[in-house]
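K.L.:
Got a predicted structure here, sequence first:
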Amino acid sequence: MKIYLVGGAVRDARLGLPVKERDWVVVGATPEEMVAQGYRPVGKDFPVFLHPKTQEEYALARTERKSGRGYHGFQFHTGPEVTLEDDLWRRDLTVNAMAQDEDGKLVDPHGGQRDLDARLLRHVSPAFAEDPVRILRIARFAARFASLGFRVADETMALMRSMVDAGEVDHLVAERVWKETERALMEPSPGTFFEVLHACGALARVMPELAALSGVPQRADYHPEVDTLVHTLMCVDAAVRAQHGIEVRIATLLHDLGKAATPKGELPSHRGHDMRGLPLVKQFCERLRVPNGARDLALMVTRDHLLVHKVRELRPKTLLELLERFDAFRKSGRFEQALSACECDARGRLGFEDDPYPQTDYLRAAAKAAAVANADVLADGFTGPAVGEEIVRRRLARLVTWKQSQT
């Protein structure tokens with residue numbers, strides 16, 4: 001029995017990056033031998049075991065054979081006769097198909113180190129085309145390593161296009177698409193994920209609402225980048241720079257979907273794209289089963305980001321309605337998320353990346369000025385529905401006074 005460190009741990013160590021988790025391949029062993037040595041079996045599709053002390057994963061070397069469509073259509077084989085080279089051959093990318101033995105010696109049958117040096121993401125073998133999830137994974141790796149200068153190899157991009165043309169991507173299930181997308185959105189360069197998917201044609205299959213934004217023009221005075229998909233990905237990059245969480249990143253990704261529905265005769269203006277976007281956001285989130293909290297924030301931002309941009313022009317009543325829709329008086333965290341997404345929209349424009357965005361402080365101050373304590377209203381004798389009505393009346397009166405003080 002021989003044990004090898006494999007995959008991402010070898011890759012990241014050779015890139016000088018922190019190794020967050022380690023995976024191991026065991027050659028020449030049976031499941032019974034692993035259990036006898038204290039390893040705990042956890043694999044469902046093929047034998048994977050947890051080390052009795054480190055709890056790291058040890059998988060028996062395996063081969064796989066395509067037996068159907070999509071990424072579920074595989075048959076796996078393990079046995080003492082399966083070699084390390086057999087196991088590495090089935091992996092997706094050369095940079096993920098390196099191994100290291102117990103003495104630290106590199107085993108690299110597919111040129112992974114060469115491609116690390118060349119900053120290339122290249123498929124190991126034609127077997128790459130058998131699993132459509134690999135298109136999502138390579139796009140995610142591109143998003144992770146874009147800042148290091150990595151790109152998808154030309155021949156791999158061509159193979160991915162052929163997979164899309166063959167309909168393999170159409171067999172991806174929504175949960176897996178969204179899982180990879182969520183992970184990609186938290187990578188250093190998430191825009192690259194969507195760019196790679198768009199370049200190979202997969203974006204139009206798995207996220208047609210986003211793909212439809214490509215080539216849609218915007219007014220150059222507001223959007224020097226012009227292209228709406230470019231703007232959208234710049235917004236996501238702004239969320240990364242500000243270190244916002246996943247829900248804000250999702251909201252920035254989806255906030256302008258309505259621009260793809262603008263009548264051609266009205267371009268490059270997009271009046272009404274906020275309301276046009278709502279059914280598209282709902283459709284996107286329902287199909288990919290986006291978590292409810294992220295969906296609700298995306299709908300909130302889609303509907304009201306234009307009002308936030310011109311918030312100083314709003315009358316007190318409209319301003320109060322906006323604050324209430326943003327849950328400013330009940331959920332301060334959600335309020336801040338909505339403000340953050342709107343700020344990313346403003347800064348996701350060519351030449352505006354570092355401009356101030358005073359609208360967020362203005363709305364925070366308005367929310368503070370309009371705050372009314374329920375206890376005070378109850379103490380004044382209001383009961384039942386009259387309590388809510390009186391709270392609204394007092395909030396509005398305070399906003400009127402506050403806005404007058406701002407002029």
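P.N.:
Nice, thanks for sending it over.
K.L.:
in stretch 134-152, what counts as buried?
P.N.:
Under the neighbour-count criterion of 16 or more other CB atoms under 10 Å, stretch 134-152 has 134-146, 150-152 buried. Where you see a C-beta, it was placed from the backbone N, CA and C, and this is true even at glycine.
K.L.:
what does stretch 109-121 give?
P.N.:
Of the residues in stretch 109-121, His110, Gly111, Gly112, Gln113, Asp115, Leu116, Leu120, Leu121 count as buried by neighbour count, 16+ other CB under 10 Å.
K.L.:
and those, which of them are in strands?
P.N.:
When the buried residues of stretch 109-121 are checked against strands (DSSP state E), the matches are Leu120, Leu121.
K.L.:
May I ask which two of the buried residues of stretch 109-121 are separated the most?
P.N.:
The span of the buried residues of stretch 109-121, defined through CB to CB, is set by Gln113 and Leu121 at 13.9 Å.
K.L.:
re the thing from before, if you look at the buried residues of stretch 134-152, which of them are in strands?
P.N.:
Counted as lying in strands by DSSP E, out of those, are Arg151, Val152.
K.L.:
Most widely separated two among the buried residues of stretch 134-152?
P.N.:
Spatially, the most separated pair among the buried residues of stretch 134-152 is Arg134 and Ala146, at 18.1 Å (CB to CB).
K.L.:
Measure how buried Gly215 is and give me the count.
P.N.:
For Gly215, the neighbour count with other CB atoms under 10 Å is 12.
K.L.:
Name the nearest residue to it, sequence neighbours excluded.
P.N.:
Asp227 (6.4 Å; CB to CB, 6 or more residues apart in numbering).
K.L.:
I'd guessed that neighbour sits against Ser214; true?
P.N.:
Yes - with contact defined as CB atoms under 8 Å, Asp227 counts as touching Ser214 (6.8 Å).
K.L.:
Tell me the one among the buried residues of stretch 134-152 nearest to Phe326.
P.N.:
The closest of the buried residues of stretch 134-152, once distances to Phe326 are taken by CB to CB, is Ala143, at 29.9 Å.
K.L.:
residues touching that closest one, list them.
P.N.:
Taking CB atoms under 8 Å, 6 or more residues apart in numbering, we find Ala143 in contact with Ala184, Glu187, Pro188, Ser189, Pro190, Gly191, Thr192, Phe193, Val196.
K.L.:
Equivalent analysis for Arg144, please.
P.N.:
Under the criterion of CB under 8 Å, 6+ apart, the contact partners of Arg144 comprise Glu187, Pro188, Ser189.
K.L.:
Write a PyMOL command that selects only the buried members of those.
P.N.:
Buried members of those, defined by 16+ other CB under 10 Å, are picked up in PyMOL with:
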select buried, resi 187+189
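K.L.:
Can I get the contacts of Arg144 in JSON lines including distance to Gly201?
P.N.:
As requested, the contacts of Arg144 are exported to JSON lines (distance: CB to CB, whole Å):
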{"residue": "Glu187", "distance to Gly201": "21"}
{"residue": "Pro188", "distance to Gly201": "25"}
{"residue": "Ser189", "distance to Gly201": "21"}
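K.L.:
Now go through the contacts of Arg144 and say which are in helices.
P.N.:
When DSSP state H is applied, the contacts of Arg144 are split such that none fall in helices.
K.L.:
Pull the number of nearby residues for Val173.
P.N.:
Neighbour tally, Val173, other CB under 10 Å: 14.
K.L.:
err, Leu50, not the other one
P.N.:
16.
K.L.:
Provide a list of residues in contact with it.
P.N.:
So Leu50 contacts Tyr39, Arg40, Val42, Glu56, Glu57, Tyr58 (CB under 8 Å, 6+ apart).
K.L.:
Name whatever forms a beta bridge with it.
P.N.:
Counting by DSSP bridges, Leu50 is bridged to Arg40, Glu57.
K.L.:
and the gap between it and Val35?
P.N.:
Distance of Leu50 to Val35, computed by CB to CB, to the nearest Å: 11 Å.
K.L.:
Can you spell out the domain ranges of this structure, please?
P.N.:
Per automatic domain parsing, the domain ranges recorded for the chain read 1-112, 374-406.
K.L.:
and these, which is most packed in?
P.N.:
When those are scored by mean count of other CB atoms under 10 Å, the highest mean neighbour count falls to domain 1-112 (a mean of 16).
K.L.:
the strands in the stretch 301-407 of the chain, which residues?
P.N.:
Applying DSSP state E, counting those that start in this stretch to the stretch 301-407 of the chain gives no strands.
K.L.:
Flag the shaky bits of the stretch 1-150 of the chain, pLDDT-wise.
P.N.:
Within the stretch 1-150 of the chain, the segments meeting pLDDT under 70 span 45-46, 64-79.
K.L.:
And the helices in it?
P.N.:
Applying DSSP state H, counting those that start in this stretch to the stretch 1-150 of the chain gives helices spanning 8-14, 31-36, 84-89, 112-118, 133-145.
K.L.:
which residues touch the biggest helix by length in the chain?
P.N.:
Longest helix in the chain, counting residues (DSSP H): helix 385-406. Contact partners of helix 385-406, identified using CB under 8 Å, 6+ apart, comprise 312, 316-317, 319-320, 329, 365-366, 369-372, 374, 377-378, 380, 382.
K.L.:
what residues are up against Gly191?
P.N.:
Contacts of Gly191 (CB under 8 Å, 6+ apart): Ala143, Leu233, Met234, Val236, Asp237.
K.L.:
Please name the residues that touch the nearest residue to Leu254 once chain neighbours are set aside.
P.N.:
Sequence neighbours aside, Ala298 is the residue nearest to Leu254 in space, at 4.4 Å (criterion: CB to CB, 6+ apart). Contact analysis of Ala298 by CB under 8 Å, 6+ apart lists Ile250, Ala251, Leu253, Leu254, His255, Val281, Cys285, Val290.
K.L.:
Closest to Ser162 out of these?
P.N.:
Using CB to CB, the contacts of Ala298 come closest to Ser162 at Leu253, 27.5 Å.
K.L.:
Which residues are in contact with the closest one?
P.N.:
Taking CB under 8 Å, 6+ apart as the test, what Leu253 contacts is Leu185, Leu210, Thr232, Cys235, Val236, Ala298.
K.L.:
Many thanks, I have nothing further to ask.
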